[in-house]
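1. show me the folded form of this:
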Amino acid sequence: MKIWYQSYVDYENGAAYWDVLKPHLEACVSDGTTIDIHGITPFDSYAHPLVEFRCAREMICNAIRAEREGYDAFVVGHFQDAGLYEARSVVDIPVIGLGEATMLWCCQMGQRLGIVTINTRFIPWFHHQIGKYGLRDRISGVHAMSFEPGQILGAYGDADKAQVVKRLFEEQGRPLVTEGTDVLIPGGGIPMLLFSQFHDHQIDGAPVVNGIPIAVKSAEMAVALKWMTGQCVSRTGDYSKAPPEVIEEFMTHPKGL
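-> Sure thing, here's the model as predicted:
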């Protein structure tokens, strides 16, 4: 099994993150599975929907490339899942979103989920995601710290900075737990991986969940089930597959003027 893991950070700007992410991913996969990290340039450096859409376009093109290059699954390693539904509508391999997979799995860990994102500008986007995934009754709240996506990268390899980020996260997460939240989700792959160094990370009994292994294992399961049953996504509604000529137009149309 071969999995393409799509980071929204490139190695040039996120080497410290990638150097931790690579062994983490390799530790997640089963024997016989290979997983390759690919980035996006320019990387997702500013918390704004416009940046999400720009990165989503490249991600969708990369999902098409992944299928053409023989990958069995594609993981969107970015919690905002920008372009997730569109990617599923253009390839026949499983496409797993970090945000969606994490939220759905956490529904099995507790009744009420809380998300702490890195920046307040992501809060509206997360509420759109929550609605799309049908989880409005399960998400008790979305709180935020005050980082741009690239700023947390400075905490990799710096134990003191990592503790600062952890403290700021807990300051936002603890009120959610006080109000009845059962499970806390860091709203981003970068904080998830940073917190993975804190084994069994909890806030007042509520697990703080690293969704990266969840997304990777979901991809492996999706591939195994496809091999077993022949089925992947529905081709009605949101995932109705685009015609080949439309896909080619998308791949070859200029990205900008």
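2. got the buried residues for stretch 170-179?
-> When neighbours are counted by 16 or more other CB atoms under 10 Å, the buried residues of stretch 170-179 are found to be 170, 172-174, 176-177. Bear in mind the C-beta positions are built from the backbone N, C-alpha and C, glycine included.
3. same question for that stretch, mean pLDDT?
-> Rounded to a whole number, the mean pLDDT of stretch 170-179 is 97.
4. what does stretch 147-163 give?
-> Predicted confidence along stretch 147-163 averages 87 (mean pLDDT).
5. kindly export it (C-alpha atoms) in PDB.
-> Once side chains and other backbone atoms are set aside, the C-alpha atoms of stretch 147-163 remain, and they are given as PDB (Å, rounded to 0.1, in the frame of the first residue of the first chain):
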ATOM      1  CA  PHE A 147      -0.700  32.200  16.100                       C
ATOM      2  CA  GLU A 148      -0.200  32.400  12.300                       C
ATOM      3  CA  PRO A 149       0.300  28.900  10.800                       C
ATOM      4  CA  GLY A 150       4.000  29.200  10.500                       C
ATOM      5  CA  GLN A 151       4.700  30.600  14.000                       C
ATOM      6  CA  ILE A 152       4.200  27.400  15.900                       C
ATOM      7  CA  LEU A 153       7.000  25.900  13.800                       C
ATOM      8  CA  GLY A 154       9.400  27.700  16.000                       C
ATOM      9  CA  ALA A 155       8.400  25.400  18.900                       C
ATOM     10  CA  TYR A 156       9.800  22.400  17.100                       C
ATOM     11  CA  GLY A 157      13.100  21.500  18.700                       C
ATOM     12  CA  ASP A 158      12.600  24.100  21.500                       C
ATOM     13  CA  ALA A 159      11.200  22.600  24.600                       C
ATOM     14  CA  ASP A 160      10.400  25.900  26.300                       C
ATOM     15  CA  LYS A 161       8.400  27.200  23.300                       C
ATOM     16  CA  ALA A 162       6.600  23.900  23.100                       C
ATOM     17  CA  GLN A 163       5.500  24.300  26.700                       C
END
